[in-house]
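A.B. asks: Predicted model follows, preceded by the sequence.
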Amino acid sequence: MISAPLSKSAIVTAPEIMLTDRRMVRVLLVDDEEAIRLSLGTFLTRSGYEVETASSALQALEMLDSGRFSLMLSDIRMPGMTGVELVPKALASNPDLAIVMLTAVNDAPTATEALSRGAMGYLTKPVELPDLHESILKALHRREMLLQQREIDHVIREEVTMRTAELEREKSALRDLTIQVAESLVIAMEAKNPYMRGRSIRIGEMAAAIADEMALDVDTVEAVRLAARLMDVGKIGIREEILNKPGSLTPEEFAHVKLHVEMGINILAPMKHLGSVLDYVRDHHEHFDGTGYPRQLGDNQISIGGRILAATDAYDALTSGRSYQEPLTPHSTLEYLSERVGSLIDPEVYKALSIVVRRRRSLTFITAIPN
Ligand SMILES: [Fe+2]
C-alpha cells in the first residue's frame, strides 16, 4: 500500500540522478500488486527515471538477464520467490545493481536479512514519496561509489601486476647477467690453456645429456648443465703454474688445487637463486666410495648433480688429453671408467654415460656417411 497520492507537490524531479555518463537511470520495479506498480511507476517516470515493471521475482530475473538496470525496487512479500530470495539471484545476474526493498511496517527483521544479502536500503510501506526519492538517490550514489572503487581496485591490481612482472623481468635479467659473468670467468680461464678451451660448454652438454638419460626432470637437467659449466670457476684462484703443470702434482700442489671447490662456492654463493646448482658444484669432486673431496661423502649422500659431474669430468679429462697425455678414444675411456664404477663413479650414472657416448658415436658415424 502507498499512502501518498501522486499529487503535483509529491512528484519531485530528479535531474541529479542521471549517471555520470548521462545515460538515463533504468529502474526495475518489482511488486505483485498492480496498483503499486502503477502508482510508483508513474511517480518514478515523472521523476526522470526509465522504469520497467515486473509482477514477480521470476519475471524480474528474466528482465535482469535481458537488459541492464541501475536499480531494482522490490517488494519483499510476493507469491513464489520472495524479495529476500530475489536479492542474491539478482546480484548474481547483475552485480552492479543497486537494490532497495519495500517492506511492511512490522517486518524489519526480514528487511535486515535482505540488507545482509546485498540490498542497499529498504522503505517501509506505506511509502512516502520524498522518502522513496531519497532512498533511490542514496542507493544510486552508493552504487556509483562502489563502481568507482571497483574501477580503482582494478587499476591498482593491473598496476601491481604490471610492476610485479617488470620486477620479475629485471630480477631474471640480473640473474642471467650474474651467471654470464661467472661463465665469462670460466671461459677466460680456459682460454689460457689449449687443452681446456671450450671445456665447460662441452661438459655442460654431456652432463645434461646424462641427466636427461637418467630421466631427471627438466629443471634438474638444466641445473646440472649450469653446474657443469660453473663447477671449476674456483680455479681462477689457483696458481697458474700448478693449474697448467704437465705431469703429476706434488701433495702440496694437489692440496692447493683442491681448494678450487671452496673458492668456487665462495664466488657463486651470493647468487642465491642458483639453488641446487651450488650443491652440485660443491660435490663435483666427491667419489662414490667416499674418498673424494671436500667432504668425503659417499653413495647417495652426494647430490645427483655431483655424481653426474664427477663422471663427466673424468670422461672429458680422458678424452681431451693433456700436453703430457694423448687423448683416449670414447671406447677406451668407457672401458677405463668401467673399472672405477662403485669407487669413483655411481653405477647408474655410468650406465647413462655409456648410453650417451654410444649414441653420440652412432650419430657421428651417420653424419660421416657421404650423401
Ligand atoms: Fe673441479
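C.D. replies: That came in fine, so what should we check first? From a predicted model like this one, the values you see are computed outputs, not experimental measurements. Residues are numbered from 1 along each chain as shown.

A.B. asks: show me the contacts for the residue nearest to V357 when sequence neighbours are not counted.
C.D. replies: Closest residue to V357 apart from its sequence neighbours, by C-beta to C-beta, 6 or more residues apart in numbering: P330 at 5.0 Å. All C-beta atoms are positioned from the backbone trio N, CA, C, and that covers glycine. By C-beta atoms under 8 Å, 6 or more residues apart in numbering, P330 lies in contact with T319, V357, R360, R361.

A.B. asks: any idea which of these has the most stuff around it?
C.D. replies: Neighbour counts for the contacts of P330 peak at V357, which has 20 neighbours (criterion: other C-beta atoms under 10 Å).

A.B. asks: Quick one: mean pLDDT over the host helix or strand of that residue.
C.D. replies: Using DSSP states H and E, V357 sits in helix 347-368. The average of the pLDDT scores along helix 347-368 is 81.

A.B. asks: heads up, I number from 52, so please use that
C.D. replies: Okay, residue one is now 52; in that scheme the one you just asked about reads as helix 398-419.

A.B. asks: all helices of this structure, in order?
C.D. replies: 85-97, 108-117, 134-144, 159-167, 180-242, 250-264, 269-281, 291-294, 302-319, 327-333, 355-371, 381-389, 398-419 (DSSP state H).

A.B. asks: weakest of the ones you listed in terms of mean pLDDT?
C.D. replies: When these are compared on mean pLDDT, helix 398-419 scores lowest, with a mean of 81.

A.B. asks: what sits against the residue lying closest to R168 once chain neighbours are set aside?
C.D. replies: Leaving aside its chain neighbours, R168 sits nearest to V138 (4.3 Å; criterion: C-beta to C-beta, 6+ apart). Each residue near V138 by C-beta under 8 Å, 6+ apart is listed here: S125, I150, M152, A165, R168, G169, A170.

A.B. asks: is the third one in a bridge, and if so with what?
C.D. replies: I take that to be M152. S125, Y173 (DSSP bridges).

A.B. asks: how near is it to G118?
C.D. replies: 21 Å (C-beta to C-beta, to the nearest Å).

A.B. asks: who has more neighbours, these two?
C.D. replies: Between M152 and G118, M152 has the larger neighbour count (other C-beta under 10 Å), namely 29 against 11.

A.B. asks: Now do the same contact list for V151.
C.D. replies: V151 makes contacts with L122, M123, L124, S125, A170, M171, G172, Y173, L174, S186, I187, A190, as judged by C-beta under 8 Å, 6+ apart.

A.B. asks: One more pass at 10 Å, please.
C.D. replies: By C-beta atoms under 10 Å, 6 or more residues apart in numbering, the residues touching V151 are 78, 122-125, 165, 170-174, 183, 186-187, 189-191.

A.B. asks: Any of those buried? List them.
C.D. replies: For these, a burial check counting by 16 or more other C-beta atoms under 10 Å picks out 78, 122-125, 165, 170-174, 183, 186-187, 190-191.

A.B. asks: and the residue nearest the centre of the chain, what is it in contact with?
C.D. replies: Computing the C-alpha centroid of the chain and ranking residues by C-alpha atoms, centre = their mean puts A216 first, at 9.8 Å. By C-beta under 10 Å, 6+ apart, the contact list for A216 is empty.
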